[in-house]
Structure formats: structure tokens, C-alpha cells
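**Student:** Compute the structure for the input listed below.
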Amino acid sequence: MPDKNPNTIQRRKTLKIIVGKPKKREIIIGGLYPVVIQSMCTTKTEDWKATAEQIITLKKEKCQMVRVAVPSLEAAKSIPKIRKHIKIPLVADIHFDYRLALEAIKQDADKIRINPGNIGEKDKVREIILAAKKAKIPLRLGVNGGCLENDILKKYGHSCAAAMNESARRWIRFFEKQGFKNFVVSLKASSVIETVKACRLFSKDFVYPLHLGVTEAGLNLSGIVKSSAGIGSLLLDGIGDTIRVSISGDAVKEVIVAKEILKALGMYNLEPEIIACPTCGRTEIDLEKIASEIEQKTKYIQKPIKIAVMGCVVNGPGEARGADYAVCGGKKMGAIYKNGQLVKSVKEDKLVSEFMKIINKDY
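**Tutor:** Coordinates of the predicted model:
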């Protein structure tokens, strides 16, 4: 359902796009519905068993939609096999060859992602649009800073936010001329600044849902920081309806980081938020170990409760008052709070177990 919490960020209202079959894998993007977390498989799609297994793992981490690369006819024909084993929408990622998009639609993909700029001729893009329209599935109109049309690059001299917006505008008008509005738009670059500028420009003129991400963000920490800066900035502006964090390597990390971005902005309601101090010379308990244990043991809770794990008396009591549950460290001891009220103090080695007894009574 649309997010009606008055304390959340004031979001930009967009068209509502439905992805997946009703009552089975249906996800709604846009229309003020909660921001959808998605990722992309790192497996070869032709290896449908490995791909299905990875998608199942991603879903366990609460990924809501997944994309697979379709660089060949064999990959496209693997879609039905994969879909039999998964319970989230499957998006086919197509580049260059429009016939692969047509085949993916024929094989019952839930959504097709294309960059019209690298598909080429408008007649080929039109065929994809008409096939999607007939199948009643949405498209993602992707505009990538690295795949802009030659005439636009010549006009601007380089990839930039204005160039990406001109490309998006061109293709949106083309889609609309075909009587097709069932699509999500993405404007991505490897530059955080250009990505943010492009999405802000776009949001002033269009009501289509936006897929957010910083493309080719990088390895581990670099990818996390770039994605958090870019996606977070836009979400704070109320812009964005679905997100994909791009990190080279394990796709599960993408989902975990995406959840943390949304939690930080009060936009995720399926897991607790863990607040933990950075530790310093005043800390006299193993705070990192305790916080990690509590985080793992509370993952089963599917509500946005706030849990504070603090190392000393400087900020501990204050954070405890603002949290649903809290642990405040002392000298090899810890105080446990619930709804801002002190419940008990216990020794460090019993702290997690006693804390979990209190939470488990409520959940």
C-alpha cells in the first residue's frame, strides 16, 4: 500500500507501474508505494539452476525484484526455467539486439530493461514497445551516460546531466507516440554528481517512476559510498521509486546496502534499525561483538523498531530514551532499556541473552 506515514520524506508522486503476475510475484513501483529494492544476478543466465539459486538467496535478504543479463538466445530461453523456482519479478536486461528483447517477452519475463540508445533504429525499439504492450508488461527505459546517441554527444561534447535528459526526453516522447506509458525510467552515470543532477532535472518535467542507482560505482567501500551518496541525496529530495546499489562482486551486498540506505531515511519497514556508537576510549564492553550478535538475532523481526547499542554513559542514556530497546555499556556491565525505561543491569557475558529474552517476549 502507499506509504502514509506523516513522518516520512515527502515523496514525488509518479505513475504506478505493476511488475509481475497478480497475487504471485506482483510488485508496484511508483504511486507513492514503498521504494522497491532490486539487484542483478552475477550468474550466467544460461545456467538457470545457479541463477535461480542466487535469486532465492537474494529474496531471503529481502530483494524484491531481480534482473538477469540476456546476451544470447539461450539466456532468453532460460527465463521460464528460472521463473518456476522464484517468487519475485524477473527482469530481462537487454542491450544491442532487439530480437533478444522480443524473445524475452515471448518467454514471459516480467519486465524488460533496454537502453534505446544502444538498440539503434527506432523501428526496432518500436517492435519491443508493441510486444511489451501486447504482453501487458512494463519496460525500463534506461539512459546511461556511457550509451548516449552520437548526435547528443556531439551537441554537448561529453556525457552530462543535460545530455542524459535530452536522450530521455526523446525516447519518452517516442514511447508515448506508440501509446505506451507502462515504463520506468533510469538516468545513470558513474559520476554521482551527474547522476543526481540528471534525476533532479528529470523529476521536474515527468511523472514516470524513477529507478535510482550510480552505475559502475566500484568495489566494496567505494561502491557503497558512491551509491549511498547518490541514491540517498535523491531519496531525501523525495525522488526515486526503486533502487539498485551497484557493487562489484556479491549481489547480496547490494541488497544489504540498499536496505541500510532506506533504513537511514526511515523508508524501510521490514527490519529493525540498529544504532551503535563508533566506540572510543571510554568503551568498556566488546560493543562491536554485542551489536553484531543483536543484529543477527533480531533479523526475524519484520518491523521497523529502533534498537540502540551504546558503549558508555555519554550518549547511551539519551539514545536509549529515543529507542524501542537499548543496551548501554558500563564497566563489564550493561543496562537494558525498553521504551526508554531501565529494565535491568546485567554482566557483559549475559547481556545479549538477557536482552533477547526481553525482545522475544514481544515478538
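
**Student:** Distance from the chain centre to stretch 19-29, please.
**Tutor:** 16 Å (C-alpha atoms, centre = their mean, to the nearest Å).

**Student:** what does the average pLDDT come to for it?
**Tutor:** For stretch 19-29, mean pLDDT is 85.

**Student:** got the contact list for the residue nearest to Gly179 when sequence neighbours are not counted?
**Tutor:** Spatial nearest neighbour of Gly179, excluding adjacent residues (C-beta to C-beta, 6 or more residues apart in numbering): Lys133 at 7.3 Å. Every residue, glycine included, has its C-beta placed from N, CA and C. Neighbour list for Lys133: Gln178, Gly179, Phe180, Asn182 [criterion: C-beta atoms under 8 Å, 6 or more residues apart in numbering].

**Student:** Just the buried residues from those residues, in ChimeraX please.
**Tutor:** One line in ChimeraX is enough to select the buried ones among the contacts of Lys133; burial here means 16 or more other C-beta atoms under 10 Å:
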select :180,182
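
**Student:** Secondary structure and pLDDT added to the contacts of Lys133, as CSV?
**Tutor:** What follows is those, written out as CSV (DSSP: H, G, I helix; E, B strand; the rest coil; pLDDT from 0 to 100):
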residue, secondary structure, pLDDT
Gln178, coil, 97
Gly179, coil, 97
Phe180, coil, 98
Asn182, coil, 98
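
**Student:** Name the helix or strand for the residue nearest to Gly179, please.
**Tutor:** Using DSSP states H and E, Lys133 sits in helix 122-135.

**Student:** Okay, angle between the very next helix or strand once past that helix and helix 122-135 too, please.
**Tutor:** Scanning forward in sequence from helix 122-135 by DSSP H and E, the next helix or strand is strand 139-144. In terms of direction (axes from the mean of the first three to the mean of the last three C-alpha atoms, to 10 degrees), strand 139-144 departs from helix 122-135 by 150 degrees.

**Student:** Report the mean confidence score over strand 139-144.
**Tutor:** Computed over strand 139-144, the average pLDDT equals 95.

**Student:** In the stretch 251-363 of the chain, what residue spans correspond to strands?
**Tutor:** Along the stretch 251-363 of the chain, the stretches classed as strands by DSSP state E, counting those that start in this stretch are 273-276, 306-310, 325-329, 333-338, 341-347.

**Student:** just the stretch 101-250 of the chain next, same as before
**Tutor:** Using DSSP E, counting those that start in this stretch, strands in the stretch 101-250 of the chain cover 111-114, 139-144, 183-188, 210-212, 242-243.

**Student:** Can you show me the CA trace of the helix or strand of the chain with the lowest mean pLDDT as PDB?
**Tutor:** Lowest mean confidence among the helices and strands of the chain (mean pLDDT, DSSP states H and E): helix 316-322, at a mean of 79. The C-alpha trace of helix 316-322 is given here as PDB (Å, rounded to 0.1, in the frame of the first residue of the first chain):
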ATOM      1  CA  GLY A 316      23.900   5.900  25.900                       C
ATOM      2  CA  PRO A 317      21.000   7.000  28.100                       C
ATOM      3  CA  GLY A 318      19.900   9.700  25.600                       C
ATOM      4  CA  GLU A 319      19.800   7.200  22.700                       C
ATOM      5  CA  ALA A 320      18.100   4.700  25.000                       C
ATOM      6  CA  ARG A 321      15.200   7.100  25.600                       C
ATOM      7  CA  GLY A 322      14.700   7.500  21.900                       C
END
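
**Student:** tell me what it is packed against?
**Tutor:** Where contact means 3 or more C-beta pairs under 8 Å, 6 or more residues apart in numbering; DSSP states H and E, helix 316-322 is packed against strand 306-310, strand 325-329, strand 333-338.

**Student:** can you redo these as a markdown table with mean pLDDT and mean neighbour count?
**Tutor:** Shown next, in a markdown table, are the helices and strands packed on helix 316-322 (pLDDT from 0 to 100; neighbours: other C-beta atoms under 10 Å):
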| stretch | mean pLDDT | mean neighbour count |
| --- | --- | --- |
| strand 306-310 | 92 | 24 |
| strand 325-329 | 91 | 26 |
| strand 333-338 | 91 | 21 |
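
**Student:** Low-confidence ranges, the stretch 201-350 of the chain, go.
**Tutor:** Applying pLDDT under 70 to the stretch 201-350 of the chain flags the ranges 216-218.

**Student:** sorry, back to before: okay if I get the helices and strands packed on helix 316-322 as a markdown table plus distance to Leu153?
**Tutor:** Below are the helices and strands packed on helix 316-322 laid out as a markdown table (distance: least, C-beta to C-beta, whole Å):
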| stretch | distance to Leu153 |
| --- | --- |
| strand 306-310 | 48 |
| strand 325-329 | 54 |
| strand 333-338 | 58 |
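
**Student:** Among these, which comes closest to Ile112?
**Tutor:** strand 306-310 (39.3 Å; C-beta to C-beta).

**Student:** Was I right to think Gln302 contacts Glu271?
**Tutor:** Yes - the pair Gln302 and Glu271 qualifies as a contact (C-beta atoms under 8 Å) at a distance of 6.9 Å.

**Student:** Compare the two and say which is more crowded by neighbours.
**Tutor:** Glu271 (20 against 12; other C-beta atoms under 10 Å).

**Student:** give me every residue that touches the more buried one.
**Tutor:** Taking C-beta under 8 Å, 6+ apart, one finds Lys62, Lys259, Lys263, Lys299, Ile301, Gln302, Pro304 in contact with Glu271.
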